[in-house]
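Student: Sequence first, then the predicted structure:
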Number of protein chains: 2
Amino acid sequence: MSGSGYVRTIELTPPALGNNTADVQRLEQALKKELKTGYVHIPRHLIEDLPVRLREWDWRTKVVLFKDRRSFVVVALLDPNDAAPVLGAAVDIGTTRMVISLMDLETGKKIGETGLDNPQADIGPDVLTRIHHAKTPAGRGELQDLAIDAVNRHLARMCKDNDRSPDRVFLLAGAGNTAMTHLFLGLPAFGIIQEPYIPCANIPDTLDATQLGLEIHPRGQVFLFPNIGSYFGGDLLAGILAADLDQKDSPCIMVDVGTNAEIVLGSRDWLMACAGAAGPALESGVSQVGMTAKPGVIDRVSVDPSTRELIIHTIDDHPPVGICGSGMIDLAAALFTSGRIDIRGKLVSGTCGGCLTDENGIPAFDLVDAAGSGTGRPIRLSQVDLDSLTSAKAAMYTILEVIVSQTAGLSFSDLERFYVAGTFGSFIDPTSAITIGMLPDIPVDRFQVLGNTSLQGAEQVLIDPEAFDRVMAIRETITYIELNVNQDFMNLFSGAKFYPHTDTSRFPSLRSIQMSPKSDS
Amino acid sequence: MSGSGYVRTIELTPPALGNNTADVQRLEQALKKELKTGYVHIPRHLIEDLPVRLREWDWRTKVVLFKDRRSFVVVALLDPNDAAPVLGAAVDIGTTRMVISLMDLETGKKIGETGLDNPQADIGPDVLTRIHHAKTPAGRGELQDLAIDAVNRHLARMCKDNDRSPDRVFLLAGAGNTAMTHLFLGLPAFGIIQEPYIPCANIPDTLDATQLGLEIHPRGQVFLFPNIGSYFGGDLLAGILAADLDQKDSPCIMVDVGTNAEIVLGSRDWLMACAGAAGPALESGVSQVGMTAKPGVIDRVSVDPSTRELIIHTIDDHPPVGICGSGMIDLAAALFTSGRIDIRGKLVSGTCGGCLTDENGIPAFDLVDAAGSGTGRPIRLSQVDLDSLTSAKAAMYTILEVIVSQTAGLSFSDLERFYVAGTFGSFIDPTSAITIGMLPDIPVDRFQVLGNTSLQGAEQVLIDPEAFDRVMAIRETITYIELNVNQDFMNLFSGAKFYPHTDTSRFPSLRSIQMSPKSDS
């Protein structure tokens, strides 16, 4: 026998007079032994041809397997000499973007990856609109079709580009938030958005591709990550898997900053999670100039130590057109270290190069003037935008404090690793985030950017049979902390709204960073 | 919660803010608790409507379940106030006859029963012909269709007669020999009849009714009893279940006499089984007058103690037309006790009222003369017929001796119960069978006729969830004894060819039975 993961080449002992086990059970027993498991399910449709095939193939076969919640399941029995790659597809089902990767299940290598806008955005850009649309079976079907068709189309193109057939894709694993998962599966989702916020299913069992209209191998198996509740989705479970949080010796934390900040803390011994609204100000859309990453968007801001001028970097070095989340954090850090904002996050007009009062009489700051801008208008940040960012960074820090200190009873320095997940998180400069008091002041080398952990987790489930069981175990054991926005929380939040914090002893590394105020030049 | 078996009415705790388990998992957890099991599978097609229905039904539902090899499976979710009976069907898939019964799954009561000739007999009366016919997929499909259509037709009629709809039949359990099971499921069967005699499957997993074309509830579940090998079928496993052999404190034996004698011996601690050709002479067709039971067939023969005349009884008291297996055993016993045959089973012409030499010069015996016969010809038994019966009864006794004494190391008197299964067995008079030395000389009250244990086992699987696990456990633990027809066996067989046996000490109760020879009247 050879192979690993879900593709195994099995050699059976041929039957004889003293060894009269039936063909199906002969294969079943060999697979149980090979996989060290108590049960392997061989579906009816594979049984009919089994006697002839096993004899044709001289009692050898290449077996493609997968798991459902109960056991290993045989997906296909191939000629042992079939040398064409056995494929799997992983899908990150994001509300805005979807990413699909094509995997070789035997080598575990990625063959291709492609991103696309979630076509459900045609119905509504946000989860709420889509769930309302899905209230009728027709609307639900429409949303599901949009997502499934998009996967079919892009997967087919990716297969073609790699000279493969979608028929060779035997497994598909997807991860998304609870709403996206329900809409992908065509399940009723209304419970997710109305009190008491009950999803239809926490655990979507492994399904046949044809049940969903997915155009992979007709008997291909589809797994979507389970969720913990309406606000704790499969994408985050995939992230925990990708970060191996459930296998750490010492406590680690993972933060996925999106519209919500989703936080998981723990180790092999315990896991806890919480989610809180922290994101909009960070991700995009808060300030008039905020936007998601694209050419011309300011993604880095730093301070020239000698001139204290702000230095900007734009994506693809195009003329600046706006600023993205990571740029905002850099900007706030730069404004703070250069003395342009005070510890309350307020623009210090006297010392602020670029400070002004906008047409509404609100203090503002032009990061780029109209002449230097790619839009013909200045890249301007108002005090209102800044206050939003201040609230967001304070919320993030408070949530971290609540879960790490108050709930788990740890100090930030106990965290061996601080994982930052998600596309947005990938671009955050930890030093800037510490500078504004959004992330705790731990050694920068403990921060690690993970990227698209939702996709990575889905890929892992395709190639590692243990991953399936780990996901189920994580789901069973994780404690979901309901964030209680009470007086205590508000007190912590108030302190965190300062730059970096009212309690500066929490940020010892910053003492030397802040520059002395500089008079307006 | 209420109900037992596979129909349960479940009451769920309604969700709340602090109790946000998804609808599907809420039901799953309640069922796990109710059924005291680790996993309950709720298939995808039931999930879609679940949120709306659970709320409509105020968090109560009547659940129809079944088992597959891995867990309980939810078959249907009904309105908790749905009062119509939930039905199941049991099928004994005999080579010659099929019997179908309709069960109320809630009360466990039988609603109706119907028998029919297995329509596959149109292709061939015997297993061999059918398996040859099934070598092509078309032939296999034809045989399967014949059986499935017959079940559909008779089940529909039985439902109609009882004012029920086949849509209310949620479960179907069938038991047949290994070949009949394969043909019913449309599985290739050629391996069963050619060395090394390997079935396609030992364990047919629970299937959807639609996969087989069975016209019960479209999502109904179908279970066919597993087999141990080509010559030890699901019918016998059903018999073991029906006889509760696997739950006995002391060793018991079950014998199913058909074309083969199938024997199971054991208790809760161990089970062993063997099968051997013993039947044809017993069942029918050996003598020119042998036939299966129908009006006019002689089914009982006794001796008038004073006149030593043989007294016959025919089915429905019609004029005699032939003799069936149980009548043959009675007849042999009567010939022996009346001194008409000697201890070798040879007709003693001198003492034999009715003895003659037939047209071929072979000794023969007219049980009924031409005048008294319903056919106009005498009901005549030749020495050849008698020798056949002698061989058959000797084979049966030898097989019993081999398994009970030689293999299990028990004596016949250790057997607490001697179960006789099968339609043919139902008519055997134990005293006659002991008299000719076919069955061992144990107290007659230990013999118990069970009837159609194949059907009874199938019925039990429908109403008792533990029966499923028992079947699988019996299959795993039973030891199949390959009957070795060696010199040792032949020696035992030689002794058993005498009436009752060369070793008369084995039949102490017979010492007083045999009458002294009587001169020809």
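Tutor: It's in.
Student: Can I get stretch A:357-365 in PDB, CA atoms only?
Tutor: Extracted as PDB, the C-alpha positions of stretch A:357-365 are listed here (Å, rounded to 0.1, in the frame of the first residue of the first chain):
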ATOM      1  CA  THR A 357     -10.300  73.500   9.400                       C
ATOM      2  CA  ASP A 358     -12.500  72.000   6.700                       C
ATOM      3  CA  GLU A 359     -15.600  73.500   5.000                       C
ATOM      4  CA  ASN A 360     -17.800  72.300   7.900                       C
ATOM      5  CA  GLY A 361     -15.600  74.000  10.500                       C
ATOM      6  CA  ILE A 362     -14.100  70.700  11.600                       C
ATOM      7  CA  PRO A 363     -10.400  70.300  12.200                       C
ATOM      8  CA  ALA A 364      -8.800  68.200   9.400                       C
ATOM      9  CA  PHE A 365      -5.500  67.200   8.000                       C
END
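Student: and that stretch, average pLDDT?
Tutor: Stretch A:357-365 shows a mean pLDDT of 88.
Student: Just the residues contacting that stretch, thanks.
Tutor: A:335, A:340, A:346-347, A:349, A:352, A:354-356, A:380-384, A:386 (C-beta atoms under 8 Å, 6 or more residues apart in numbering or on different chains). Quick note: C-beta positions are derived from backbone N, CA and C, even for glycine.
Student: Show only the entries of those residues found in strands.
Tutor: Members of the contacts of stretch A:357-365 lying in strands (criterion: DSSP state E): A:355-356, A:380-382.
Student: pretty sure residue A:53 is touching residue A:78, no?
Tutor: No: counting by C-beta atoms under 8 Å, residue A:53 sits too far from residue A:78 to count as a contact (9.6 Å).
Student: near chain B too, which of the contacts of stretch A:357-365?
Tutor: Among the contacts of stretch A:357-365, no residue is within reach of chain B (C-beta under 8 Å from any C-beta of the partner chain).
Student: buried subset of the residues you listed?
Tutor: A:335, A:340, A:347, A:352, A:354-355, A:380-384, A:386 (16 or more other C-beta atoms under 10 Å in any protein chain shown).
Student: Name the spans of the stretch 351-500 of chain A whose pLDDT lies under the cut-off.
Tutor: Along the stretch 351-500 of chain A, segments meeting pLDDT under 70 span A:351-353.
Student: mind checking which helix or strand the residue in it that chain B sits nearest to is in?
Tutor: With C-beta to the nearest C-beta, the shortest gap between the stretch 351-500 of chain A and chain B falls at residue A:482, namely 8.2 Å. If you go by DSSP states H and E, residue A:482 is not part of any helix or strand.
Student: What are the buried residues along stretch A:19-27?
Tutor: Using 16+ other C-beta under 10 Å as the test for burial, stretch A:19-27 gives A:20-27.
Student: Can you name the residues bridging to the residue in the stretch 251-400 of chain A that chain B sits nearest to?
Tutor: For the stretch 251-400 of chain A and chain B, the shortest gap (C-beta to the nearest C-beta) falls at residue A:275, measuring 13.1 Å. Under DSSP bridges, the beta-bridge partners of residue A:275 are residue A:262.
Student: my guess is it meets residue A:262, correct?
Tutor: Yes: Residue A:275 sits in contact with residue A:262 when judged by C-beta under 8 Å, with a separation of 4.5 Å.
Student: on that earlier part again, excluding chain neighbours, what is closest to the residue of the stretch 351-500 of chain A closest to chain B?
Tutor: Leaving aside its sequence neighbours, residue A:482 sits nearest to residue A:274 (C-beta to C-beta, 6 or more residues apart in numbering or on different chains; 7.5 Å).
Student: And for that neighbour, the neighbour number?
Tutor: When neighbours are counted by other C-beta atoms under 10 Å in any protein chain shown, residue A:274 registers 22.
Student: from what I can see it touches residue A:398, true?
Tutor: No: applying C-beta under 8 Å as the test, residue A:274 and residue A:398 come out as separate, 11.1 Å apart.
Student: helices or strands up against the helix or strand hosting residue A:254?
Tutor: Element membership for residue A:254, per DSSP H and E: strand A:252-257. Applying 3 or more C-beta pairs under 8 Å, 6 or more residues apart in numbering or on different chains; DSSP states H and E, one finds that strand A:252-257 contacts helix A:234-242, strand A:260-266, helix A:383-401, strand A:418-421.
Student: and the angle for the second one with helix A:383-401?
Tutor: The one in question is strand A:260-266. 20 degrees (axes from the mean of the first three to the mean of the last three C-alpha atoms, to 10 degrees).
Student: and the angle from strand A:260-266 to helix A:234-242?
Tutor: Interaxial angle of strand A:260-266 relative to helix A:234-242 (the same axes, to 10 degrees): 30 degrees.
Student: before we move on, what about the third one?
Tutor: Comparing the axes of helix A:383-401 and helix A:234-242 via the same axes, to 10 degrees yields an angle of 60 degrees.
Student: mind listing what's buried in helix A:383-401?
Tutor: Under the neighbour-count criterion of 16+ other C-beta under 10 Å, helix A:383-401 has A:383-401 buried.
Student: Against which helices or strands is it packed?
Tutor: Helix A:383-401 packs on strand A:252-257, strand A:260-266, strand A:271-277, helix A:280-283, helix A:325-337, strand A:363-368, helix A:487-496, going by 3+ C-beta pairs under 8 Å, 6+ apart.
Student: What separation do you get for the spatially closest residue to residue A:228 that is not a sequence neighbour and residue A:474?
Tutor: Ranked by C-beta to C-beta, 6+ apart and with sequence neighbours excluded, the top spatial neighbour of residue A:228 is residue A:480, at 5.3 Å. Between residue A:480 and residue A:474 the computed distance is 12 Å (C-beta to C-beta, to the nearest Å).
Student: Neighbour count for these two, which is higher?
Tutor: residue A:474 (23 against 15).
Student: anything in whichever strand or helix holds the more buried one sitting right up against chain B?
Tutor: Using DSSP H and E, residue A:474 maps to helix A:465-477. No: figure legend: helix A:465-477 not in contact with chain B (C-beta under 8 Å from any C-beta); closest approach 10.0 Å.
Student: from the middle of its chain, how far away would that helix be?
Tutor: Chain-centre distance of helix A:465-477: 17 Å, with C-alpha atoms, centre = their mean, to the nearest Å.
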